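Q: coordinates only, sequence not included:
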Ligand SMILES: Cc1cc2nc3c(=O)[nH]c(=O)nc-3n(C[C@H](O)[C@H](O)[C@H](O)COP(=O)(O)OP(=O)(O)OC[C@H]3O[C@@H](n4cnc5c(N)ncnc54)[C@H](O)[C@@H]3O)c2cc1C
């Protein structure tokens, strides 16, 4: 594993960094303040091919890999985590399950739209009654002739209520296993649909420009062929999607942590106190040095997890370590960056205040820190 990028990877990273600086950054504060979805930014990300990064060209993708997606996510999160999570959820939760587990017909139907960013897909696993214990799913799907009839609710679903949202994949109980446990399957629900409602957007602490809704399914009917993957494999398949997704969330954490360093270096060289720049005081300089150190180590962790995944090696533990560490250092860096900015760090007009509000969810979404520790411990044979 090397932290050196190839020329192609560096070109991608640099072009997304330019886009983030020139297109995303100027409107980030406004979308955060107004809690508005950045349609224009998302449309441009679609034109750049970002939603198609890890997919083959035959499905409208860019023919890249998951690491390419992570590089793009890191650069976007360096200026705006809402935009980064919109891309992450659109690719990793929206399109990837179709690519990994879909039939040829499902791939042909959905992937060109999702990989171009013309449409957004969402994945509904979490329910109001619980997210960590995803096996406790209560939503049901029963067969009625050639259709599935879906009833239940999903909570906190990203990209599920935008004007671009055309697909919500849900996990639902479709029966009982031989051992008497819930049989959980994944089903593709094209939206809008009769009986489907997305409740009004949540009033969140951060990720204000990302779209998140509670969803209700009241007798929603979809064709039987909308089953995604094997019947009864929905839970297991989705856990494997989450393993990959943790590397992507780690990249977002690294981006946010790096964004904190960027802002602090600039501010510490300008802001003066007691006749000197605050960066000339070792207390501030060391705080920034520690922020950069944590960011570098977290980046190495996600690069390594991605390299193992792409080499076909076991990567579950490394992905959980990368997600756990990156999300925690993102929170620490955001807290320290706010400190470096003093009173201005507590003002929403400064990016570090937004970074602080955006950082906490990284320790919760796609598996809490406690869940990551459970996965790491289990992989070590304890817990
Ligand atoms: C903004 C946002 C976007 C999201 N997007 C999506 C999405 O697109 N799709 C989707 O399906 N979900 C999504 N989620 C849901 C997210 O994945 C869950 O919130 C998360 O998995 C935690 O589930 P929970 O909120 O039900 O917390 P709970 O599972 O109720 O956990 C509460 C606390 O208990 C701890 N805990 C639970 N079980 C254990 C245990 N066995 N041992 C130790 N501690 C434990 C947890 O770590 C946590 O600290 C999103 C959430 C948010 C806030």
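A: Happy to help now that I have it. Only a predicted model underlies this, so the values are computations on that prediction, with no experimental measurement involved.

Q: who are the neighbours in contact with residue 332?
A: Neighbouring residues of residue 332 by Cβ atoms under 8 Å, 6 or more residues apart in numbering: 291, 294. Any C-beta I mention is one placed from the backbone N, CA and C, and that applies to glycine too.

Q: if we go to 6 Å?
A: Listed by Cβ atoms under 6 Å, 6 or more residues apart in numbering, residue 332 has no contact partners.

Q: so what's the residue in the chain sticking out farthest from the centre scoring on pLDDT?
A: In the chain, the greatest distance from the average C-alpha position (Cα atoms, centre = their mean) is reached by residue 275, at 43.5 Å. Listed pLDDT for residue 275 reads 98.

Q: now residue 178
A: 89.

Q: and it, how close does it get to the ligand?
A: 26 Å (Cβ to the nearest ligand atom, to the nearest Å).

Q: where does that residue fall, helix, sheet strand or coil?
A: coil (DSSP: H, G, I helix; E, B strand; the rest coil).

Q: dihedrals phi and psi, the residue in the stretch 1-150 of the chain that the ligand sits nearest to?
A: Relative to the ligand, the nearest point of the stretch 1-150 of the chain is residue 131 (2.3 Å; Cβ to the nearest ligand atom). Backbone geometry at residue 131, expressed as degrees, to the nearest 10, gives phi -120, psi -40.

Q: ok, it - contacts?
A: Counting by Cβ under 6 Å, 6+ apart, residue 131 has no contacts.

Q: 10 Å instead?
A: Contact analysis of residue 131 by Cβ atoms under 10 Å, 6 or more residues apart in numbering lists 125, 154-156, 364-368, 371.

Q: most neighbours, which of the residues you listed?
A: Greatest neighbour count in the contacts of residue 131, by other Cβ atoms under 10 Å, goes to residue 366: 29 neighbours.

Q: that's a helix at that residue, yeah?
A: No: counting by three-state DSSP, residue 366 is not found in a helix; it is coil.

Q: is it true that it touches residue 248?
A: Yes: between residue 366 and residue 248 there is a contact at 8.2 Å, judged by Cβ atoms under 10 Å.

Q: mind listing the helices for the chain?
A: 7-19, 25-34, 39-48, 66-77, 81-88, 96-101, 104-115, 234-270, 282-310, 316-340, 351-359, 369-379 (DSSP state H).

Q: for the ligand, what are the nearby residues on the stretch 201-350 of the chain?
A: Proximity of the stretch 201-350 of the chain to the ligand, by Cβ under 6 Å from any ligand atom, involves residues 204, 207, 212.

Q: pick the one among the residues you listed closest to residue 3.
A: Taking Cβ to Cβ as the measure, residue 207 is the one of those closest to residue 3, at 28.0 Å.

Q: burial count for the closest one?
A: Residue 207 - counted by other Cβ under 10 Å - has 26 other residues nearby.

Q: isn't it right next to residue 81, touching?
A: Yes: Residue 207 is within contact range of residue 81, at 6.2 Å (criterion: Cβ under 10 Å).

Q: name the residues contacting each of those two.
A: Counting by Cβ under 10 Å, 6+ apart, the common neighbours of residue 207 and residue 81 are 32, 354, 357-358, 361-362.

Q: pLDDT score for residue 262?
A: Model confidence at residue 262, given as pLDDT, is 98.

Q: return the residues in contact with the closest residue to it other than its chain neighbours.
A: Computed as Cβ to Cβ, 6 or more residues apart in numbering, the closest residue to residue 262 that is not its neighbour in sequence is residue 78, at 6.7 Å. By Cβ under 10 Å, 6+ apart, the residues touching residue 78 are 16-17, 20-21, 24-25, 84, 252, 254-263, 351, 355.

Q: repeat that for 6 Å
A: 255, 258-259.

Q: same check on residue 177?
A: Contacts for residue 177 (Cβ under 6 Å, 6+ apart) come out as residue 183.

Q: can you report phi and psi for it?
A: phi -80, psi 170.

Q: sorry, back to before: out of the contacts of residue 78, which end up buried?
A: Listed as buried from these are 255, 258-259; burial here means 16 or more other Cβ atoms under 10 Å.

Q: mind putting those residues into JSON lines with pLDDT?
A: JSON lines is the format used below for the buried ones among the contacts of residue 78 (pLDDT from 0 to 100):
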{"residue": "255", "pLDDT": "98"}
{"residue": "258", "pLDDT": "98"}
{"residue": "259", "pLDDT": "98"}
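
Q: who in the stretch 51-200 of the chain is up against the ligand?
A: Taking Cβ under 6 Å from any ligand atom as the contact definition, the stretch 51-200 of the chain meets the ligand at 89, 93, 122-126, 130-132, 156-158.

Q: need the buried ones from those residues selected in PyMOL.
A: Buried members of those, defined by 16+ other Cβ under 10 Å, are picked up in PyMOL with:
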select buried, resi 89+93+122+123+124+125+126+131+156+157+158
